[in-house]
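1. the following comprises the amino acid sequence and a computationally predicted model.
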Amino acid sequence: MKKSLLVLLLAVLLPSVVLGWLALRSAQEQQIVLERRTAELYQKETDTVATAARSLISAERRAFAETLRQMLIGEKPQQLAGHFAVSLRSTWSQPAMGFALTTEGMICSPNLHDAGSNAQVRQFLAENGSWVSGKAQATAYPVPMDELNRPEMAQRKMTYGNAKRQQDYGKGDYSQQASQSQSAQPSKSNSESYGNKELPNEKQEALSRNVAPQQQAGTESQLTWATADFREFIAEGNEGVVNRFVNDRLNMIFWIRPAEARNLVFGCLLRAEDLAAQWPDLLPASGDASGAESDFILALLNDKAQPIAASPAGSAVPDWKKPFVATEIGEALPHWEAALYLRHPERLVASAQKVRRNLYLLISCALVAIAIGGWVVMAETRRQLTLAQKKTDFVSNVSHELKTPLTSIRMFAELMHSGRATAERQPQYLRIIMVEAERLTRLINNVLDFAGLERRQRRFEKRPFDLFEMLTQIWSSHEVHLHEAGFTTNWESAAPPYPVIGDEDALAQVLVNLLANAEKYGGERKEITLRSYPEGAWVCLSVLDRGPGVPPREEAKIFEPFYRAHDSLSSGIPGTGLGLSLARRIVQEHGGEIFYQPRPGGGSNFTVRLPLSSASSS
Amino acid sequence: MKKRILLVEDDPHIRLGLCDALGGEGYDVIECADGAQAMPLLRQRRPDLLVLDLMLPHKSGYDLCREIRSEKNRVPILILSAKGQEIDKVVGLELGADDYARAAGPRARAHPPRRARG
């Protein structure tokens, strides 16, 4: 039993529980997986906005370059440099502040004359004059030309950018951590142009992003920045963009070193707010053709994490600093972010919960099925083992039961045969031999009948007879023996006859078995009562004793084959465990029933109910 | 003086037959049908031999055997039982019985004690 339990445990239950546990773990990860997939999907949206923003800056730079080219067609660079600020203002549609300087840092335009008449010029000179002329250093963000000219580069995976950058800089300046941002970052051109040899005070620590996307692990910015004077930023190449914050305002500086005059630098300063009208165009139109509301809100956030454009326009979110996903736009708009907010974040959770709940349900059902199956197998195994044990006990009991009467018969026969039996003892010895022979016969009959019933070979020869007559015969033959054994007997009978149809021998066997039980389990108060009485269409036979009775929890088991209420050979009570089982089968074959009741005042009451033949025929 | 035998056997017929047979051989036989009654009789009557059935009501022959030997009582014990399996004999002898006779054997008779007792 223990072995089969162990096998069941190791082969079925343990693997099931382990599999169930793994499945539960996987169920718990469903939410994370779902969120990650959604994040990947939505990241593309923010990447697109970031790319659009970079394209816008690139377009403005190209527009500036084109304007300058046009201006240089009609005028020599040296002449243009002298009045470039004024000319640009009148030529280019953007309210940009133009400037021109020599490579030595001398500002050709705007000049003090311009400053006297224009506040914008004064502001430019005050804020940027000493920086562009190389007299002061300032922190600025050089924009890699690759990023501006080839916006599709932005779609490259960060892994490439990071690896390249670290290789180039060799200092691990930038966090490798898993920001999933796909924002365009400076790669080769940046490292070539602004390698650590070129720029003093190069960035020593990573900047923090000003938003904390829920689905991105790192919050470190990928921006490249340096503190230097303007001339160092433009030392390499012939054109570019350098961004810097002045008084918390983003100034974008486009510069070109024209081929006609490499010793001159033409530039313009464009403020972020000058492009305000164009920001909303970077975002996709809200909603789709069917008018259905999209699941998310897209926003362009400035360096203070304030929305400067949102799609749908006018949307509000609880916290702009906590988008679902965000993409850093890069040096083109430093510290700006394209951010996406879920309109119904709870739906994502609910969806994951639904998947998880279904998995839980499935796993629970499987585990319950396994548990029930295991229990059924165990119960059946246990039942079979119990039956096998009972049969073993039965063989032992039967051998003992057969030997005991045989011993008596043989012993008394030998005593008489050897002449050691006195004359007065001889009749008693003979009667004992007869009684023991009867006991042996009954026992053998019980075993054979039970075997026949088990194999359904026994056939009952049913015929009408008076049960009362049979009772009289059995009772008279047993009464003497019971009296000898010290019992007081009593037969309480209602008026006969009790006509029944059945096998007389089989029903006699039932009564004999019940009387034998009453004798065996009669206890100290040796008192046996037989009651016979009709009850409606039935006739009842009750055999009552004053023994210890049947323990309540064993009442249902005493009619099972091989079961003995006072189990064990050492109890001293003989028996095979077949008598009651056989009695029940015989009674059931006759359409009746047999049951046990505790007898009031102590003892047992076994009652047999058989149908009366007059009732059955009517 | 007659040798005294205490016979502990619950089956009345076997008990009667053994009593008559042993009595006929000249022994003083004390009958007892119950394991629980055997110990007081053993102490009071001090028999020369104990003939003991194994399957007894209230107290088995094994228990009785163990109890007798635990009291340092050296009375020879002959186990008499319908149980004939080797293991029953071994258990009985291990518990202090001196010999074992099968009740339904070829001839159920009292053997002299297998081991001499002081």
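-> Good, I have the coordinates.
2. go through stretch A:404-419 and flag the buried ones.
-> If you call a residue buried by 16 or more other CB atoms under 10 Å in any protein chain shown, then stretch A:404-419 has these buried ones: A:404, A:405, A:406, A:407, A:408, A:409, A:410, A:411, A:412, A:414, A:415. Bear in mind the C-beta positions are built from the backbone N, C-alpha and C, glycine included.
3. is the host helix or strand of the third one positioned near chain B?
-> Going back to what we said before, that points to residue A:406. Following DSSP states H and E, one finds residue A:406 within helix A:345-417. Yes: using CB under 8 Å from any CB of the partner chain, helix A:345-417 reaches chain B at A:399, A:400, A:403, A:404, A:406, A:407, A:408, A:410, A:411, A:412, A:414, A:415.
4. quick one, the helix or strand that that helix is followed by and helix A:345-417 angle?
-> For helix A:345-417, the following helix or strand on the C-terminal side (DSSP H and E) is helix A:426-454. Relative orientation of helix A:426-454 versus helix A:345-417 (axes from the mean of the first three to the mean of the last three CA atoms, to 10 degrees): 150 degrees.
5. wait, does helix A:426-454 contact chain B?
-> Yes: using CB under 8 Å from any CB, we find that helix A:426-454 touches chain B at A:428, A:429, A:432, A:435, A:436.
6. include neighbour count when you put those into CSV, please.
-> Converted to CSV, these look like this (neighbours: other CB atoms under 10 Å in any protein chain shown):
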residue, neighbour count
A:428, 16
A:429, 22
A:432, 22
A:435, 19
A:436, 22
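7. and which of the residues you listed is nearest chain B?
-> Comparing the residues of helix A:426-454 next to chain B against chain B with CB to the nearest CB places residue A:432 closest, at 4.9 Å.
8. just say helix, strand or coil for the most centrally placed residue in chain B.
-> The centre of chain B sits closest to residue B:51, judged by CA atoms, centre = their mean, with a distance of 1.9 Å. Look at residue B:51: counting by DSSP: H, G, I helix; E, B strand; the rest coil, its state is strand.
9. mind checking pLDDT for it?
-> For residue B:51, the model assigns a pLDDT of 91.
10. surely it and residue B:15 touch.
-> No: with contact defined as CB atoms under 8 Å, residue B:51 does not reach residue B:15; the gap is 10.0 Å.
11. overlap in contacts, those two.
-> Listed as contacting both residue B:51 and residue B:15 by CB atoms under 8 Å, 6 or more residues apart in numbering or on different chains are B:7, B:9.
12. pLDDT check: weakest of the residues of helix A:426-454 next to chain B?
-> The minimum pLDDT among the residues of helix A:426-454 next to chain B falls on residue A:435, with 84.
13. what's the nearest residue to that one if we skip its chain neighbours?
-> Of all residues beyond its chain neighbours, the one nearest residue A:435 is residue A:481 (5.9 Å), with distances taken as CB to CB, 6 or more residues apart in numbering or on different chains.
14. what about that neighbour, how many neighbours?
-> By the criterion of other CB atoms under 10 Å in any protein chain shown, residue A:481 has 16 neighbours.
15. just the element for it, please.
-> Going by DSSP H and E, residue A:481 is in helix A:467-484.
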